[in-house]
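Colleague: for reference, the sequence and a predicted model appear below.
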Amino acid sequence: MTDLALASIAALTAGQLLRQHFGSDPVVDEASHHDIKLALDKESQELITQILLGARPGDALYGEEGLAGNPDSPRQWIVDPIDGTVNFFYGIPHFCVSIALRVAGEITVGVIHDPMVGETWTVAKGGPALLNGRPIHASKRNSFDQSILFVGCGKDEEALRTGIERFHKASLRARKMRMMGSAALGMAYIACGRLDAYIESRISLWDIAAGQLLVETAGGKVVLTPVPNHPDAWSIVASNGHIPVEEIL
């Protein structure tokens with residue numbers, strides 16, 4: 001079985017779990033002002049871990065809910081078991097499972113699965129970007145007045161302030177702005193032409209790893225800048241490659 005097929009099985013299986021529990025009363029493990037952690041986050045990652053490391057026992061797994069496997073392996077699965085946990089908790093059907101494989105520092109596989117809509121984006125390095133098995137491409141829109149931009153605001157005061165300032169600045173020029181609550185789905189939407197760009201001042205690796213390969217393969221552009229003093233956190237500018245997003249940074 002290929003790595004892409006394995007990642008797809010893991011994402012779809014975890015998605016079934018999330019769909020079964022959607023609309024129920026989820027158990028909250030941890031809550032802060034701007035974020036929630038559910039017991040289901042851990043359950044979903046454990047399920048993904050069993051599938052991936054069960055088939056690839058020598059690999060490592062790095063997820064939002066912790067590490068597993070062989071920490072010295074050059075093959076590392078990067079997992080967000082529920083990207084959009086707050087949406088899930090409030091009964092908003094906009095969340096996904098995101099799985100990427102990084103080999104010797106390079107992302108080689110990406111899968112983003114939306115269990116509520118029934119959409120699965122898949123990509124392997126050197127192959128096409130696909131949505132439910134069909135090739136996709138980023139949009140060709142090249143001006144702000146035609147574009148739809150997704151701005152993330154982060155979870156701390158500095159990131160929130162930066163996000164709101166960018167939202168205001170871009171909204172004066174773009175056709176529409178969106179804050180949707182799932183970075184992975186935002187990047188998937190760029191890859192298939194629904195959105196034109198996504199910016200956020202601080203985002204975690206597991207949120208964007210699969211989306212990066214997907215967007216770039218679909219003809220878009222992703223620029224990541226490490227955030228000082230925050231390991232595996234990045235400032236991100238993802239776009240269709242035509243919108244001059246840098247003008248609002």
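Modeller: Noted; the coordinates are in hand. Residues are numbered from 1 along each chain as shown.

Colleague: longest single helix anywhere in this structure?
Modeller: When the chain is parsed with DSSP state H, its longest helix is helix 3-21.

Colleague: least confident secondary structure element in this protein?
Modeller: strand 28-32 (a mean of 54; mean pLDDT, DSSP states H and E).

Colleague: elements contacting the longest helix of the chain?
Modeller: When contacts are defined as 3 or more C-beta pairs under 8 Å, 6 or more residues apart in numbering; DSSP states H and E, helix 3-21 sits against helix 39-55, strand 75-83, strand 96-103, strand 106-114, strand 119-124. Glycine gets a C-beta too; all of them are placed from N, C-alpha and C.

Colleague: change it to 7 Å
Modeller: Helices and strands touching helix 3-21, by 3 or more C-beta pairs under 7 Å, 6 or more residues apart in numbering; DSSP states H and E, are helix 39-55, strand 96-103, strand 106-114, strand 119-124.

Colleague: contacts for that helix, please.
Modeller: If you take C-beta atoms under 7 Å, 6 or more residues apart in numbering as the criterion, helix 3-21 is touched by 40, 43-44, 47-48, 51-52, 55, 81-82, 88, 97, 99, 101, 108-109, 111, 113, 115-116, 120, 122, 124.

Colleague: what angle separates it from helix 39-55?
Modeller: On the basis of axes from the mean of the first three to the mean of the last three C-alpha atoms, to 10 degrees, helix 3-21 is oriented at 150 degrees to helix 39-55.

Colleague: buried residues in helix 3-21?
Modeller: By neighbour count on 16 or more other C-beta atoms under 10 Å, the buried set for helix 3-21 is 3-4, 6-11, 13-15, 17-18, 21.

Colleague: how far off centre is that helix?
Modeller: Relative to the centre of its chain, helix 3-21 is centred 15 Å away, using C-alpha atoms, centre = their mean, to the nearest Å.

Colleague: got the angle for that helix vs strand 75-83?
Modeller: Using the same axes, to 10 degrees: helix 3-21 against strand 75-83 is 20 degrees.

Colleague: now helix 3-21: average pLDDT?
Modeller: Across helix 3-21, pLDDT averages out at 97.

Colleague: could I get it in PDB with only the CA atoms?
Modeller: The C-alpha trace of helix 3-21 is given here as PDB (Å, rounded to 0.1, in the frame of the first residue of the first chain):
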ATOM      1  CA  ASP A   3       1.800   6.100   1.700                       C
ATOM      2  CA  LEU A   4      -0.900   8.200   0.100                       C
ATOM      3  CA  ALA A   5      -3.400   5.300   0.200                       C
ATOM      4  CA  LEU A   6      -2.500   4.600   3.900                       C
ATOM      5  CA  ALA A   7      -3.000   8.300   4.800                       C
ATOM      6  CA  SER A   8      -6.300   8.400   3.000                       C
ATOM      7  CA  ILE A   9      -7.600   5.300   4.900                       C
ATOM      8  CA  ALA A  10      -6.500   6.900   8.200                       C
ATOM      9  CA  ALA A  11      -8.200  10.200   7.400                       C
ATOM     10  CA  LEU A  12     -11.400   8.600   6.300                       C
ATOM     11  CA  THR A  13     -11.600   6.300   9.300                       C
ATOM     12  CA  ALA A  14     -11.000   9.200  11.700                       C
ATOM     13  CA  GLY A  15     -13.600  11.200   9.700                       C
ATOM     14  CA  GLN A  16     -16.200   8.500  10.300                       C
ATOM     15  CA  LEU A  17     -15.500   8.700  14.000                       C
ATOM     16  CA  LEU A  18     -16.000  12.500  14.000                       C
ATOM     17  CA  ARG A  19     -19.200  12.300  12.000                       C
ATOM     18  CA  GLN A  20     -20.600   9.800  14.300                       C
ATOM     19  CA  HIS A  21     -20.000  12.100  17.300                       C
END
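
Colleague: I appreciate the help and will end here.
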